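Student: Sequence plus the predicted model coming up.
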Amino acid sequence: MIVMKFGGTSVGDAARVHQVATIIETQPNPRAAVVSAASGVTNMLLDAARAAAVDGAELVAKLVAGIRARHHDIAAAIGDDQERAAAVAALDQLHAALVDALSDVDCAGELSPRNADRIVATGEKAMSILLAAILRSRGVPAVHVWADRVIATDNRYGNARPDRALTRELAAQEVRPHLNAGQTVVFTGFIGRAPDGSTTTLGRGGSDYSATLLGAALDADEVQIWTDVPGVLSADPRQVPDVRVVSGISYDEAQELAHFGAKVLHPRTIRPAVSLGIPVRILSTFLPDEPGTLVTRDAPEESVKAVTALNNLLLLTIDVPELEDLAAASAAVFGALHGDRIEVVAASQASSRRRMTYVVDATGHGGCARVKQRMAAALEAADVDAEVGCEEDVALVAAVGAGVAAAPQTLSQFLSVLGRAGVPVLSTNQQHSNVALTVAVLGRDATRAVLALHDAFIRPQPASSRSRRPRRSDMLAESLRVG
Ligand code: ADP
Ligand code: ASP
Ligand code: MG
């Protein structure tokens, strides 16, 4: 069985949704298609929800009208009259429920995370209705299934954690029978079900994760992430002009890349695939015949396969004068970060200066002033004398590839490339068991660092690979232009 996932750009308008239907038709049964909301719709829904909380009735009405129009434009391209009428009726119901949810927010005068998830789920739900109807109108038996009946999660609205065992049971009840009946299941990405049955979401960009969660629950043979680029690229194409497609990458490498900011995969996507060894392929809906990137347990080793940057981080430093206080300070800091649900992206300790360094993602936690205050209070409560420092607008730049940790010279090359590019390094982190070299730099230096590292480690292609694949860069340029 195959699980395919189609992202927002891939279902952005009627023509794109038909293209997705064509791709689905080429895959063998049994098959499921996980869909995101049409590009931009999730942001519109969130804007409407926020506006409703502050009495922005006019803006809410404008956004709801815009969302409705996007969905109805796609519905107009459903070939079969009956299917089109049924889809329009289902969309009307969905939009009416959206208006109800927004007026609940208006009455409450605030947007709870629970209501935000209920509202934002509208985009994926609408797309599942639309794609299933388009498939049926093309003669393909299809049914839509909403993941708030299937992907069991906790109740951390906005960033819910899945319960894989329960999801497996629910998928056996709610999805398997349709597959057995020969139907293509069109499944909502991004959303899940809290223990009380309410709708949760898996975090922005979470539809990739939905695909591997569904794949693992159904013991899929392969999960395909169909997107707007022809695979995992050697860097973010919006930052680096001459990127390459990475043809093979290991689960570890893909996880590091996603963790350190490569938007092509949601950071939690790979984990469900790892436990069952399910191959994950990244493919382009714009260039469906390209081989894309295959993610498996073992992949060809190269020193550096990709360079990436994760922005908007804080660099937290804790200086502990007394050596014997180090462990207590570390426990207090990690405890406070965990308690506040602040994600630690990288941590290191330079024992000579008794300095501990944490690069954290504190989005929504009030920046350095707030985080410093929290850490100082936690250290005081633990009776530890320490000085807390914090730097805002920091980026982590990573070079990813299984070879980086194995080759000792890579770190010195990495640092000298940054030195030549005039990029000051705030901290370094080389984990020997790992597949990435990372450094923290100022946010304003991140793009320059990525460009310099890409130039040094990736751009020089051996002549043999250039002659084997003469059209690769043309194809890529074309896809990026289209995307
Ligand atoms: P989708 O809507 O299909 O989920 P996303 O926009 O979430 O697509 O992710 C695809 C985008 O990720 C690409 O268009 C590209 O701009 C960006 N991206 C960033 N880093 C990389 C990378 N290393 N490889 C491929 N794409 C990347
Ligand atoms: N539609 C959701 C988002 O925009 C989920 C996704 O695209 O994966 O974040
Ligand atoms: Mg995405």
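Tutor: Cool, got the structure. Ligands and ions are numbered 1, 2, ... in the order given.
Student: So residue 59 belongs to a helix, correct?
Tutor: Yes - under DSSP: H, G, I helix; E, B strand; the rest coil, residue 59 falls within a helix.
Student: For residue 459, report the pLDDT, please.
Tutor: Predicted confidence (pLDDT) for residue 459: 74.
Student: so where's this structure shaky on pLDDT?
Tutor: 351-353, 430-433, 460-483 (pLDDT under 70).
Student: Can you pull the residues of it lying near ligand 1?
Tutor: 7-10, 36, 205, 227-229, 232-233, 235-238, 262-264, 306, 308, 483 (C-beta under 6 Å from any ligand atom). (Glycine included, C-beta is placed from N, CA and C.)
Student: Which of the residues you listed are buried? Put it as a ChimeraX command.
Tutor: Of those, the buried ones can be selected in ChimeraX as follows, counting by 16 or more other C-beta atoms under 10 Å:
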select :7,8,9,10,36,205,227,228,229,232,233,235,236,237,262,264,306,308,483
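Student: Filter the residues of the chain next to ligand 1 down to the ones in strands?
Tutor: 227, 306, 308 (DSSP state E).
Student: Let's have these in CSV, adding distance to residue 336.
Tutor: Formatted as CSV, those follow (distance: C-beta to C-beta, whole Å):
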residue, distance to residue 336
227, 37
306, 33
308, 28
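Student: and which of those residues is nearest ligand 3?
Tutor: Closest approach between these and ligand 3, by C-beta to the ion: residue 227, at 6.7 Å.
Student: so that closest one touches residue 282, yeah?
Tutor: Yes - counting by C-beta atoms under 8 Å, residue 282 is a contact partner of residue 227 at 6.6 Å.
Student: shared neighbours, the two?
Tutor: residue 264 (C-beta atoms under 8 Å, 6 or more residues apart in numbering).
Student: if we can go back for a sec, against ligand 3, which of the residues of the chain next to ligand 1 make the cut? List them.
Tutor: Near ligand 3, judged by C-beta under 5 Å from the ion, the entries from these are 7, 205.
Student: Which of the residues of the chain next to ligand 1 fall in helices?
Tutor: Residues of these located in helices (DSSP state H): none.
Student: okay, now residue 412: neighbour count?
Tutor: Neighbours of residue 412 under the rule other C-beta atoms under 10 Å: 9.
Student: State the helix or strand in which it lies.
Tutor: helix 409-420 (DSSP states H and E).
Student: Can you list the strands that the helix or strand following that helix pairs with?
Tutor: Downstream of helix 409-420, the first helix or strand assigned by DSSP H and E is strand 427-430. When pairs are called by DSSP bridges, strand 427-430 turns out to pair with strand 436-442 (antiparallel).
Student: List of residues touching the partner strand?
Tutor: For strand 436-442, using C-beta under 8 Å, 6+ apart, the contacting residues are 256, 260, 313, 315, 346, 357, 359, 391, 393-401, 404-405, 410-411, 414-415, 418, 423-430, 449.
Student: Repeat the analysis, applying 6 Å as the threshold.
Tutor: With C-beta atoms under 6 Å, 6 or more residues apart in numbering as the test, strand 436-442 has contacts from 256, 315, 346, 359, 394-400, 404, 411, 414, 423, 425-430, 449.
Student: In three-state terms, label the residue of the stretch 251-400 of the chain found nearest ligand 2 for me.
Tutor: As assessed by C-beta to the nearest ligand atom, ligand 2 sits closest to residue 266 within the stretch 251-400 of the chain, at 6.6 Å. Of the three states, residue 266 takes coil under three-state DSSP.
Student: distance of residue 356 from ligand 3?
Tutor: The gap separating residue 356 from ligand 3 is 33 Å, by C-beta to the ion, to the nearest Å.
Student: what helix or strand is residue 344 on?
Tutor: strand 343-350.
Student: Could you check the angle that strand makes with strand 436-442?
Tutor: Interaxial angle, strand 343-350 versus strand 436-442 (axes from the mean of the first three to the mean of the last three C-alpha atoms, to 10 degrees): 90 degrees.
Student: Would you list the strands that strand 343-350 pairs with, along with their directions?
Tutor: Partners of strand 343-350 in the sheet, by DSSP bridges, are strand 355-361 (antiparallel).
Student: Any idea what the closest residue to residue 346 other than its chain neighbours is bridged to?
Tutor: Leaving aside its chain neighbours, residue 346 sits nearest to residue 359 (4.4 Å; criterion: C-beta to C-beta, 6 or more residues apart in numbering). Note on residue 359: beta-bridge partners by DSSP bridges are residue 315, residue 346.
Student: correct me, but residue 63 touches residue 48?
Tutor: Yes - between residue 63 and residue 48 there is a contact under C-beta atoms under 6 Å: 4.0 Å.
Student: Pick out whichever of those two has more residues nearby.
Tutor: Taking other C-beta under 10 Å, residue 63 and residue 48 do not tie; residue 48 has more neighbours (27 against 23).
Student: Make sure that one is actually in contact with residue 65.
Tutor: No - contact between residue 48 and residue 65 fails when scored by C-beta under 6 Å: they sit 10.2 Å apart.
Student: Give me the nearest residue to residue 221, chain neighbours excluded.
Tutor: Per C-beta to C-beta, 6+ apart, closest to residue 221 is residue 1, 6.0 Å.
Student: Provide the secondary structure category for residue 398.
Tutor: strand.
Student: Now the nearest residue to residue 157 once chain neighbours are set aside. Its backbone dihedrals?
Tutor: Leaving out its chain neighbours, the residue that sits closest to residue 157 by C-beta to C-beta, 6+ apart is residue 113, at 3.6 Å. Reported as degrees, to the nearest 10, the phi and psi values for residue 113 are phi -60, psi -30.
Student: Can you name the residues that contact the residue in the stretch 151-300 of the chain positioned nearest to ligand 3?
Tutor: Closest residue of the stretch 151-300 of the chain to ligand 3, C-beta to the ion: residue 205 (4.1 Å). Residues near residue 205 by C-beta under 6 Å, 6+ apart: residue 266.
Student: Quickly note the distance from it to ligand 2.
Tutor: Distance of residue 205 to ligand 2, given as C-beta to the nearest ligand atom, to the nearest Å: 4 Å.
Student: Repeat that for residue 52.
Tutor: For residue 52 relative to ligand 2 (C-beta to the nearest ligand atom), the value is 19 Å.
Student: sorry, back to before: distance between the strand holding residue 344 and the chain's centre?
Tutor: How far strand 343-350 lies from its chain's middle: 21 Å, per C-alpha atoms, centre = their mean, to the nearest Å.
Student: Buried residues in it, which are they?
Tutor: Buried, per 16+ other C-beta under 10 Å, within strand 343-350: 343, 345, 346, 347, 348.
Student: And for stretch 128-147?
Tutor: Neighbour-count burial for stretch 128-147 [16+ other C-beta under 10 Å]: 128-138, 140, 142-147.
Student: Then stretch 260-279?
Tutor: Going by 16+ other C-beta under 10 Å, stretch 260-279 has these buried residues: 260-262, 264-274, 278-279.
Student: So what's the gap between that stretch and the chain middle?
Tutor: Using C-alpha atoms, centre = their mean, the offset of stretch 260-279 from its chain centre is 9 Å.
Student: how about it as PDB, C-alpha atoms only?
Tutor: Only the C-alpha atoms of stretch 260-279 are listed here, as PDB (Å, rounded to 0.1, in the frame of the first residue of the first chain):
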ATOM      1  CA  PHE A 260      17.700  22.200  11.300                       C
ATOM      2  CA  GLY A 261      15.200  24.000   9.100                       C
ATOM      3  CA  ALA A 262      14.800  22.400   5.700                       C
ATOM      4  CA  LYS A 263      11.100  23.200   5.200                       C
ATOM      5  CA  VAL A 264      10.600  20.400   2.700                       C
ATOM      6  CA  LEU A 265      10.000  18.000   5.600                       C
ATOM      7  CA  HIS A 266       8.200  18.700   8.800                       C
ATOM      8  CA  PRO A 267      10.800  18.000  11.600                       C
ATOM      9  CA  ARG A 268       8.800  15.000  13.000                       C
ATOM     10  CA  THR A 269       8.000  13.400   9.600                       C
ATOM     11  CA  ILE A 270      10.700  10.700   9.500                       C
ATOM     12  CA  ARG A 271      10.200   9.100  13.000                       C
ATOM     13  CA  PRO A 272       7.200   6.900  12.200                       C
ATOM     14  CA  ALA A 273       8.900   5.600   9.100                       C
ATOM     15  CA  VAL A 274      12.100   4.600  10.900                       C
ATOM     16  CA  SER A 275      10.500   2.100  13.300                       C
ATOM     17  CA  LEU A 276       9.000   0.100  10.400                       C
ATOM     18  CA  GLY A 277      11.700   0.800   7.800                       C
ATOM     19  CA  ILE A 278       9.200   2.400   5.400                       C
ATOM     20  CA  PRO A 279      10.900   4.200   2.500                       C
END
